[in-house]
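Asks: Below are the sequence and a predicted model; questions follow.
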Amino acid sequence: MKNGKRIDTRILTQSAFLVALSIALTRFASIMVLPTLRIGFGELPIMLSGMLFGPIVGGISGAAADLIGIMVNPQGPPHFGFTLSSMLWGIIPGLYVLYFRRKDTKSNPFSILRVFAMVSTCYIIISLGLNTYWLSQLYNKGIIAILPSRILTALVNIPIQSMIITYLIKYLKNIVAF
């Protein structure tokens, strides 16, 4: 957010593009392996939104992507716990970047190790924690029954998404004003 007070038109249009990209990646370009396991990259644009524009814009982008995605292409019964999770995919990366910018203004808040820590935190809290809980509620299955496949997916996705985000940020720095 510019000067921490207003969202200008440029940030609004760029975050709307990331929301649309998230919907496309989540609803149309992901693979449902099991009813409790979807493999895709729909959270990447939301994480980028939080990293580039701050936790508030990231959270709004996550909520918008989830709610619009439910209307466009529902993939099961709606559960607003997943909307909260989607918001957190934008809020946590935004908070990480704010923390690293305040802690050390000279170093790069988007280094591979910091991005890896951020993605790992998001996956542990959101994917392995909250989403597993929401799925256990939705499908009346035990958390222990759902968790092993989700852990394997997280172990594969964390390094891949960390590398993709680091690569994208390197090139988006010149395009996006932040």
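Replies: Nice, I can see it. Numbering: from 1, shown residues only.

Asks: When you work out contacts or count neighbours from here on, use the C-alpha atoms and nothing else.
Replies: Will do.

Asks: a strand runs through residue 32, doesn't it?
Replies: Yes. If the criterion is DSSP: H, G, I helix; E, B strand; the rest coil, then residue 32 is within a strand.

Asks: From residue 122, how far off is it?
Replies: 21 Å (C-alpha to C-alpha, to the nearest Å).

Asks: The two: who's more crowded?
Replies: Neighbours were counted for residue 32 and for residue 122 using other C-alpha atoms under 10 Å; residue 122 has more, 23 against 12.

Asks: For the more buried one, report the pLDDT, please.
Replies: Residue 122 is assigned a pLDDT of 97 by the prediction.

Asks: got it, and the one 4 residues further on?
Replies: The model reports residue 126 with a pLDDT of 97.

Asks: Next, it: secondary structure please.
Replies: Following three-state DSSP, the label given to residue 126 is helix.

Asks: tell me, how many neighbours does it end up with?
Replies: Neighbour number of residue 126 under other C-alpha under 10 Å is 21.

Asks: And for residue 127?
Replies: For residue 127, the neighbour count with other C-alpha under 10 Å is 23.

Asks: and it, what does it touch?
Replies: 150, 154 (C-alpha atoms under 8 Å, 6 or more residues apart in numbering).

Asks: ranges for the helices of this structure?
Replies: With DSSP state H as the criterion, the chain has helices at 9-27, 43-53, 55-72, 80-103, 112-122, 132-139, 143-172.
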